[in-house]
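Q: Build me a model from this:
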Amino acid sequence: MGLGAIFVNQLVKWDDKLKEDLDKMLEKARDIEDLFLLESILRSTIVKIYRYLDLFDPGRNSLSLNWT
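A: Below you'll find the model as predicted:
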């Protein structure tokens, strides 16, 4: 086998590995995006519940909704 064939064979292996790594990174990015969406929905729901409860007892101490 010549050096050219060895080089091409290695190049194909690297390309396959690169595609696998890219797929893993994209899957992780999708998972993170889903978590951010879920967190946003939960925060919005908590704020809505707090505002709804505040209608019935507006004089009580305010709840800190500062999430940082």
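Q: So, low pLDDT: which residues of the chain?
A: Counting by pLDDT under 70, the chain contains low-confidence residues at 1, 56-68.
Q: now the most centrally placed residue in the chain: how far from Asp15?
A: Among the residues of the chain, the one closest to the centroid is Ile32, at 1.1 Å (C-alpha atoms, centre = their mean). Going from Ile32 to Asp15 by C-beta to C-beta, to the nearest Å gives 26 Å. Heads up, the C-betas are built off the backbone N, CA and C, glycines and all.
Q: What of Ile41?
A: 39 Å.
Q: try Leu38
A: Leu38 is 35 Å from Asp15, by C-beta to C-beta.
Q: ditto for Leu55
A: For Leu55, the distance to Asp15 equals 61 Å [C-beta to C-beta].
Q: The two: who's more crowded?
A: Counted by other C-beta atoms under 10 Å, Leu55 and Asp15 do not tie: Asp15 has more neighbours, with 10 against 7.
Q: Using the three-state scheme, assign the more buried one.
A: With DSSP: H, G, I helix; E, B strand; the rest coil as the basis, Asp15 sits in helix.
Q: List phi and psi for the residue nearest to the centre of the chain.
A: phi -60, psi -40 (degrees, to the nearest 10).
Q: and it, what is it in contact with?
A: Shown in contact with Ile32 (C-beta atoms under 8 Å, 6 or more residues apart in numbering): no residues.
Q: Would you check how far apart it and Trp14 are?
A: Taking C-beta to C-beta, one finds Ile32 at 27 Å from Trp14.
Q: Go through stretch 29-40 and flag the buried ones.
A: Buried residues in stretch 29-40, defined by neighbour count with 16 or more other C-beta atoms under 10 Å: none.
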